[in-house]
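In: Model the structure of this input:
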Amino acid sequence: MSTTRFAWFFGALALLFALPSVSYAADCTAAQREAADRQLWLNQRDRNLASEIVFPWGAPVTAETSNQRRLVQRDYVIEYDDDLQGPIWAANVLGLKKLKGGRIDCFRQDPRIPGAVASRPSDYDEPIFDQGHMVPNADMTFAQIPIINTFIMSNMSPQFCQFNRGVWQILETFERHWAEDGTPVYIFNGAVFDRNGDGLRDEDDDSVRMRSRSGRTNVAVPSAYFKILARQGSDERLHTLTILLPHDQTDVDGQAAVDYLSAHITNLAAVERLTGADFFPSASSGVAEDAALWDVTDASFRSLVAAPCRRTTGATIAADSPRVFVLP
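Out: The predicted model follows:
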């Protein structure tokens, strides 16, 4: 080997080992998918147990609607809307089980939802939006089946690439950081439908939909997303942190992302008005709402907005069809 090639080889080798480790995604096998699907069907006793773990301050109470259904998995809970064909919120808890890392892609229709009102991967066969997890797969890496069962479409919501892989993903990283010491952090991951900005949920008929390549316009696109985080404070009170983020193509990283999240802290009442839900119905000692971002001093995070992130600047609501998102 020549001196030049020798230097190049060892230089490349040094660069390889200097790069951060990456967990590569793998598609699930048919056997893995079938095993995971079976775990979605819980008896009443197991549904009650799962709800008690995820909702220690009582299961959320929502406005009466025939469109919504509650889907209880062993490790998280979804509030799904049949008309919007997506989750209003999904709740999980961190800090109770040690996370190991890894990912197994397994996007598929939720077998518990009738086909006429179930979102499906083909709905996301379009040029604008990511299939955005409500409960992230990285929160479920304590076992294989929980990872796979975050890829059911009832846990997906349309998100701009810059949002999904940027500030939303950074906030998810912070949540896992806050639970690293074993302190349980209870999380509501939610979608907001308030295009007119009046602070109330829009009528379903006014929602804006994605248009798939096959022409389907079933899945509604949220105008914003929220996170409600809860943990027991040293004062024995329930402490919450509520963040409401506009669903747009803002692209931030580093300190700018921390500042952006801090600027979008809101109060619990505002999100409850937007969703029609009472998230902590049995918080007997009251709720202490934190007005500042929890400590991220030692958190390791970075935006994942890079190629092949969809650069969809200009995506807007179609003038000729005001209920559909399109590219210019």
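
In: got a list of contacts for stretch 99-107?
Out: Residues from elsewhere that reach stretch 99-107, judged by C-beta atoms under 8 Å, 6 or more residues apart in numbering: 23-28, 32-33, 36, 121, 131, 137-139, 141-142, 144, 147-148, 151, 153, 156, 176. Heads up, the C-betas are built off the backbone N, CA and C, glycines and all.

In: Now for the nearest residue to Ile152 once chain neighbours are set aside: which residues touch it?
Out: Excluding its sequence neighbours, the residue lying closest to Ile152 (C-beta to C-beta, 6 or more residues apart in numbering) is Asp110, at 4.4 Å. When contacts are counted by C-beta under 8 Å, 6+ apart, Asp110 touches Leu40, Leu71, Tyr80, Ala118, Ile152, Met153, Ser154.

In: From these, which land in strands?
Out: With strands identified by DSSP state E, the entries of the contacts of Asp110 that belong to them are Leu71, Tyr80.

In: Tell me how many other residues surround Arg69.
Out: Applying other C-beta atoms under 10 Å, we find 16 other residues in the vicinity of Arg69.

In: How much space separates it from Ile187?
Out: The spacing between Arg69 and Ile187, counted by C-beta to C-beta, to the nearest Å, is 20 Å.

In: for Met210, same thing?
Out: Note on Met210: its distance to Ile187, by C-beta to C-beta, is 25 Å.

In: who has more neighbours, those two?
Out: Set side by side, Met210 and Ile187 show more neighbours around Ile187, with 27 against 24, by other C-beta under 10 Å.

In: ok, and what's touching the strand or helix carrying the more buried one?
Out: Per DSSP states H and E: Ile187 is located in strand 185-192. Outside of strand 185-192, the residues within contact range by C-beta under 8 Å, 6+ apart are 54-57, 60, 86-95, 134-135, 139, 157, 175, 178-179, 201, 222-231, 244, 247, 271, 274-275, 279.

In: how distant is that strand from the center of its chain?
Out: Distance of strand 185-192 from its chain centroid, counting by C-alpha atoms, centre = their mean, to the nearest Å, is 8 Å.

In: strands paired with the next helix or strand after it, and their directions?
Out: Helices and strands here follow DSSP H and E; after strand 185-192, the next one along the chain is strand 224-232. Looking at strand 224-232 with DSSP bridges, its partner strands are strand 185-192 (antiparallel), strand 238-246 (antiparallel).

In: okay if I get those as TSV plus distance to Phe325?
Out: Written out in TSV, the entries for the strands paired with strand 224-232 read as follows (distance: least, C-beta to C-beta, whole Å):
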stretch	distance to Phe325
strand 185-192	15
strand 238-246	15
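
In: so of these, which one's packed in deepest?
Out: Across those, the average number of neighbours (mean count of other C-beta atoms under 10 Å) peaks for strand 185-192, which reaches a mean of 26.

In: So what does the closest residue to Gly86 other than its chain neighbours look like in phi/psi?
Out: Here the nearest residue to Gly86 in space, its sequence neighbours aside, is Ser157; by C-beta to C-beta, 6+ apart that works out to 5.0 Å. Backbone torsions for Ser157, taken as degrees, to the nearest 10, come to phi -140, psi 140.

In: what is Ser157 paired to in the beta sheet?
Out: When assigned by DSSP bridges, Ser157 has beta-bridge partners Gly132.

In: Count the neighbours of it for me.
Out: Applying other C-beta under 10 Å, we find 29 residues neighbouring Ser157.

In: got it, and Asp204?
Out: By the other C-beta under 10 Å criterion, the neighbourhood of Asp204 contains 14 residues.

In: who touches it in this structure?
Out: Going by C-beta under 8 Å, 6+ apart, the list of residues near Asp204 reads Asn67, Asp81, Asp83, Leu84, Phe193, Ala220.

In: right, and Glu175 touches Leu94 too?
Out: Yes: with the criterion set as C-beta atoms under 8 Å, Glu175 and Leu94 qualify as a contacting pair; they are 6.1 Å apart.
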